[in-house]
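Asker: Only the shape, not the letters, is given here:
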């Protein structure tokens, strides 16, 4: 059981690391701070997506592919969530009223 968990963490960690390196290659001319931030976001999203997919009975290659795609879109998704939360921070009453309707 513990060996299976270690293997899963290693596999999806390796996929997350690969996606992080790919993110660095795709965007080479940003600051070091921004690069580290994007790599960490990519790693976390990719690894969590892979671990969540373990509950489905689909082939491992499909799980790895979906995990990698989630890693590529992670920075964009993070940006969308941050912009939404900043809008909520500016005007929480308006957002709450819109959600209630």
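Answerer: Sure, I can see it. Just so you know, these numbers come straight off a predicted model, no measurement behind them. Residues are numbered from 1 along each chain as shown.

Asker: Which residue, neighbours along the chain excluded, lies closest to the spatially most central residue of the chain?
Answerer: Closest residue to the average C-alpha location of the chain: residue 45 at 1.9 Å, with C-alpha atoms, centre = their mean. Leaving aside its sequence neighbours, residue 45 sits nearest to residue 74 (C-beta to C-beta, 6 or more residues apart in numbering; 3.4 Å). Heads up, the C-betas are built off the backbone N, CA and C, glycines and all.

Asker: right, and that neighbour touches residue 47 too?
Answerer: No: assessed by C-beta atoms under 8 Å, residue 74 is found out of contact with residue 47, at 10.2 Å.

Asker: sorry, back to before: host element of the residue nearest to residue 45?
Answerer: helix 60-90 (DSSP states H and E).

Asker: Name the residues of that helix that are buried.
Answerer: Neighbour-count burial for helix 60-90 flags 63, 64, 66, 67, 68, 70, 71, 74, 75, 78 (criterion: 16 or more other C-beta atoms under 10 Å).

Asker: again with stretch 4-18
Answerer: Buried residues in stretch 4-18, defined by neighbour count with 16+ other C-beta under 10 Å: 11, 12, 15, 16, 17, 18.
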